[in-house]
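> how would this look folded up:
(chains A and B)
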Amino acid sequence: DQQVKQNSPSLSVQEGRISILNCDYTNSMFDYFLWYKKYPAEGPTFLISISSIKDKNEDGRFTVFLNKSAKHLSLHIVPSQPGDSAVYFCAASEGPGNQFYFGTGTSLTVIP
Amino acid sequence: GAVVSQHPSWVICKSGTSVKIECRSLDFQATTMFWYRQFPKQSLMLMATSNEGSKATYEQGVEKDKFLINHASLTLSTLTVTSAHPEDSSFYICSAYRGLNTEAFFGQGTRLTVV
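The predicted structure follows:
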């Protein structure tokens, strides 16, 4: 049972435009969410996080939005750069020390 | 920042042999580490939770006698794939929390190929 879902396996965006990656979850006990970026044959690297007490968190070009009522979060990258091309995973947990549940990933391609 | 180091990054072994993968927290103590496995085009799936000084907790469907986990110190957890078979070929990743910090740090991952 996939508790975290990323329904778009791939996304292509022109350089300079906004990339929007979406993630849905089913477990209402999740209260901490993360986005990770992963290059082939490498471990995931942390991008940005958000806790359930917030609905937005911004870090440079990356902004994560959380809609708790819809159990939906999204990652906005603006402006998109070719170096952003990678697979992006969202992950959720029930709090500190608990395991993360990962989505299946969205492969982002930023076209120069 | 905190770093989790995983070694080796790539290993090829013969069917029937055992392979040990190490996961180290370099600048913090990790009482809990998680081991994940990723099949091609699938998400990371938790295999087991490794607790320092006690037995690991395995997820349903993961053979504890095949995937031996040892968390002997606060900075080191090891995963040993015993009697490896080609179907064990996968990408294995460890992660660790630093105390109450809610961010999990990930190792670089290990690509295991069993021939």
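
> got the contact list for residue A:54?
For residue A:54, the residues meeting the contact criterion (Cβ atoms under 8 Å, 6 or more residues apart in numbering or on different chains) are residue A:66. C-beta coordinates here come from the backbone N, C-alpha and C atoms, glycine included.

> is residue B:94 in contact with residue B:106, as I believe?
Yes. Contact between residue B:94 and residue B:106 holds when scored by Cβ atoms under 8 Å: they sit 7.3 Å apart.

> overlap in contacts, these two.
residue B:4.

> once you drop chain neighbours, what's closest to the closest residue to chain A within chain B?
Of all residues in chain B, residue B:109 sits closest to chain A, with a separation of 4.0 Å (Cβ to the nearest Cβ). The shortest distance from residue B:109 to any non-neighbouring residue, by Cβ to Cβ, 6 or more residues apart in numbering or on different chains, is to residue A:43 (4.0 Å).

> how many residues are close by that neighbour?
Other residues within reach of residue A:43 by the criterion other Cβ atoms under 10 Å in any protein chain shown amount to 24.

> model confidence for it, exactly?
Model confidence at residue A:43, expressed as pLDDT, equals 73.

> equivalent analysis for the one 10 residues further on, please.
Reading off the per-residue confidence, residue A:53 sits at a pLDDT of 89.

> who are the contact partners of it?
Per Cβ under 8 Å, 6+ apart, neighbours of residue A:53: none.

> any idea how far residue A:68 is from it?
According to Cβ to Cβ, to the nearest Å, residue A:53 and residue A:68 sit 10 Å apart.

> swap in residue B:82?
According to Cβ to Cβ, residue B:82 and residue A:68 sit 43 Å apart.

> also residue B:85?
For residue B:85, the distance to residue A:68 equals 43 Å [Cβ to Cβ].

> of the two, who's got more company?
Between residue B:85 and residue A:68, counted using other Cβ under 10 Å, the more crowded position is residue A:68 (15 against 11).
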